[in-house]
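Chemist: structure here, sequence nowhere to be found:
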């Protein structure tokens, strides 16, 4: 049976198509359809018109060709079986239709050919004596040229519309929606973990499709290739393309596909991929300006000025997390896996309600709690220690940051290869309780006053040396190395501290008291 799928879906990439009905309806040609008529006949694709008098022209035909003949060799196919074989070869070669001229070799199209075309639903039309084949070919070329111009205009208009959409605040979602409307098929974006970031139109959202997109995007990334095409299932295929720069994949563009797209559609795919890459990089804070904004926003949130934070993010892709949230502290320096930053940036770019600031020595993340499970997997996969606060409101961000910091300290002190969740019973120690007591803080300030007055007057670093020495349990060599001084210099500073404080620093009690004072009243 002749394939009755409509026109453009079966285009050979880079070549325009017209529908058979457009050619047949050119009244000046006088073409009459006499056999093989179905409800899809007029919508069959035509890519070329070819003339041949061979008994078997199919080796020289390309798909979607209209074959014209005077029937000079039809004497060999007048028997029903021969005619059926002739037409079947045309069907197998994906020829679109057969046109037979009358008034030269045949006054009427042979009955056997007509019956074979009817039996195989293969379109057959009669060409009148006065219509030259060259006229039919020229008409087809004119129609194809018009189709090319129309597709070029469509491509230009679509590209402008998608670019304009991408300039909106949520540019990625807007660009995907516009591309979907122009293409008439669903378009989606995933991050480098296969998590769905965008999918349009809304009617395309269903669990089975989302899972298939996730699985195919993950499979493409695992193979390490930049693009691929997934065969059709229930008539629907998928075209995939990675997003990002060389060596830094941020996600995957996945587009519904029916057959092969033409050049106009492929150009639009490439534009959407480029715009999506830019938008993901902006979301991930790839440049210094974005990183500075993220740092400023987190500091403003910790200061409790949410109105200012909203104002700072008003015209940026950044979106503040909605309650409940959590805060994560980590140190990127120990992460030796070069893919850690790419994973975190891709996660950042693909997650609304996720703010990461890393310009300070200790990066911080404010995130909606729905992202925590995947975030834990990222840190665990790369063995990066991190501290995760309890859940809370964004108005409590400063308190949550303290919790994350204490959990991080526990993670590093115990050589944790991954994240540690804050637990009050474990992480709220005696020093934390003392920190709530104003009298304890006053005592700490009084104890350390002689050292701080000395440092201010003499521009010395006695307090710094004392802090590092105590942190290294009184080990001079290790502490001197961290401070970048000779151990004898450090010994002199510790002796000066003992003299100023009038304490025996060999005493465990004195050391514990000093350490508590330093923690309760940290210096500048």
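Modeler: Alright, I've got the coordinates. The shown structure was predicted, so the numbers you read here are calculated from the model rather than taken from an experiment. Numbering: from 1, shown residues only.

Chemist: ranges for the helices of the stretch 251-400 of the chain?
Modeler: Across the stretch 251-400 of the chain, reading from the start of the chain, the helices by DSSP state H, counting those that start in this stretch fall at 263-283, 288-302, 306-312, 339-349, 372-382, 397-413.

Chemist: which residues does residue 200 contact?
Modeler: By C-beta atoms under 8 Å, 6 or more residues apart in numbering, residue 200 lies in contact with 173, 176, 177, 179, 180, 186, 187, 188. To be clear about C-beta, it is placed using only N, CA and C from the backbone, and glycine gets the same treatment.

Chemist: tell me the one among the residues you listed nearest to residue 398.
Modeler: The shortest distance between residue 398 and any of the contacts of residue 200, using C-beta to C-beta, involves residue 173 and amounts to 31.5 Å.

Chemist: per-residue pLDDT of the closest one, please?
Modeler: As predicted, residue 173 sits at a pLDDT of 82.

Chemist: tell me which residue is most central in this structure.
Modeler: Central residue check for the chain by C-alpha atoms, centre = their mean: the C-alpha nearest the mean position is that of residue 251, 3.1 Å away.

Chemist: partners of residue 227 in the sheet?
Modeler: As for beta bridges, residue 227 partners with residue 241 under DSSP bridges.

Chemist: from residue 176, how far out is it?
Modeler: To residue 176, residue 227 is 18 Å away according to C-beta to C-beta, to the nearest Å.

Chemist: those two: which is more packed in?
Modeler: Comparing residue 227 with residue 176 by other C-beta atoms under 10 Å, the one with more neighbours is residue 176, at 28 against 13.

Chemist: in terms of contact, does the more buried one touch residue 190 like I think?
Modeler: No - at 11.7 Å, residue 176 does not count as touching residue 190 under the criterion of C-beta atoms under 8 Å.

Chemist: sticking with residue 142, tell me its helix or strand.
Modeler: Taking DSSP states H and E as the criterion, residue 142 maps to helix 133-166.

Chemist: check which residues of that helix are buried.
Modeler: For helix 133-166, the neighbour count (16 or more other C-beta atoms under 10 Å) marks 133, 136-137, 139-140, 143-144, 147-148, 151, 155, 158-159, 161-163, 165-166 as buried.

Chemist: for the stretch 351-500 of the chain, which residues score under the pLDDT cut-off?
Modeler: 351, 359-361, 424-441 (pLDDT under 70).

Chemist: so the residue nearest to the centre of the chain sits against residue 192, correct?
Modeler: Yes - judged on C-beta under 8 Å, residue 251 makes contact with residue 192 at a distance of 5.8 Å.

Chemist: and for the residue lying closest to residue 158 once chain neighbours are set aside, the neighbour number?
Modeler: Nearest non-adjacent residue to residue 158, counting by C-beta to C-beta, 6 or more residues apart in numbering: residue 182, 4.2 Å away. Counted by other C-beta under 10 Å, the residues lying close to residue 182 total 20.

Chemist: do the same with the one 10 residues further on
Modeler: In terms of burial, residue 192 registers 25 neighbours under the definition other C-beta under 10 Å.

Chemist: my read: it touches residue 222, true?
Modeler: No - using C-beta under 8 Å, residue 192 and residue 222 do not qualify as a contacting pair, with a distance of 10.8 Å.

Chemist: can you tell me how far the residue nearest to the centre of the chain sits from residue 412?
Modeler: Applying C-beta to C-beta to residue 251 and residue 412 gives a distance of 32 Å.

Chemist: same deal with residue 35?
Modeler: 82 Å.

Chemist: between these two, which has more neighbouring residues?
Modeler: residue 35 (21 against 15).

Chemist: tell me what the more buried one is bridged to.
Modeler: For residue 35, the beta-bridge partners under DSSP bridges are residue 124.

Chemist: right, and it touches residue 123 too?
Modeler: Yes - Residue 35 is in contact with residue 123 according to C-beta under 8 Å; the separation is 7.5 Å.

Chemist: what's the overlap in contacts for those two?
Modeler: With contacts taken as C-beta under 8 Å, 6+ apart, the residues that reach both residue 35 and residue 123 are residue 117.

Chemist: now do the domain split for this structure, please.
Modeler: 8-131, 152-279, 288-427, 434-520 (automatic domain parsing).

Chemist: check contacts around residue 186.
Modeler: For residue 186, the residues meeting the contact criterion (C-beta under 8 Å, 6+ apart) are 180, 199, 200, 201, 204, 209, 255, 256.

Chemist: got it, and residue 64?
Modeler: When the contact criterion is C-beta under 8 Å, 6+ apart, the partners of residue 64 are 10, 12, 17, 44, 45, 46, 47, 48, 94, 95, 96.

Chemist: the residue nearest to it when sequence neighbours are not counted: how many residues sit nearby?
Modeler: For residue 64, ignoring the flanking residues on the chain, the nearest one in space by C-beta to C-beta, 6+ apart is residue 47 at 3.9 Å. By the measure other C-beta under 10 Å, the count of residues near residue 47 is 20.

Chemist: you'd agree residue 47 is up against residue 95?
Modeler: No - proximity of residue 47 to residue 95 does not meet the contact threshold set by C-beta under 8 Å, at 10.7 Å.

Chemist: please pick out the residue of the protein most distant from its centre.
Modeler: The outermost residue of the chain, judged by C-alpha distance from the chain's mean C-alpha position using C-alpha atoms, centre = their mean, is residue 107 at 63.3 Å.

Chemist: relative to residue 80, how far out is it?
Modeler: Distance from residue 107 to residue 80, by C-beta to C-beta: 20 Å.

Chemist: now swap in residue 214 and tell me
Modeler: The gap separating residue 214 from residue 80 is 54 Å, by C-beta to C-beta.

Chemist: more crowded one of the two?
Modeler: Neighbours per residue (other C-beta under 10 Å) separate residue 214 from residue 80, with residue 214 holding more: 18 against 14.

Chemist: let me see the confidence value for the more buried one.
Modeler: As summarised for this prediction, residue 214 has a pLDDT of 85.

Chemist: number of residues surrounding residue 279?
Modeler: Using other C-beta under 10 Å, residue 279 has 26 neighbouring residues.

Chemist: does the closest residue to it other than its chain neighbours count as helix, strand or coil?
Modeler: Closest residue to residue 279 in three dimensions, ignoring its sequence neighbours and counting by C-beta to C-beta, 6+ apart: residue 172, at 4.0 Å. Per DSSP: H, G, I helix; E, B strand; the rest coil, the local secondary structure of residue 172 is helix.

Chemist: neighbours around residue 172, how many?
Modeler: The number of residues packed around residue 172, counting by other C-beta under 10 Å, is 25.

Chemist: same check on residue 387?
Modeler: When neighbours are counted by other C-beta under 10 Å, residue 387 registers 27.

Chemist: give me the distance between it and residue 276.
Modeler: Spatial separation of residue 387 from residue 276 under the definition C-beta to C-beta is 33 Å.

Chemist: what do you get for residue 219?
Modeler: Looking at residue 219 against residue 276, where the rule is C-beta to C-beta, the gap reads 19 Å.

Chemist: give me the more crowded residue out of those two.
Modeler: More neighbours sit around residue 276 than around the other of residue 219 and residue 276, counting by other C-beta under 10 Å; the figures are 28 against 14.

Chemist: my read: that one touches residue 171, true?
Modeler: No - distance between residue 276 and residue 171: 9.3 Å, which falls outside the contact criterion (C-beta under 8 Å).

Chemist: nice, that's everything, thank you.
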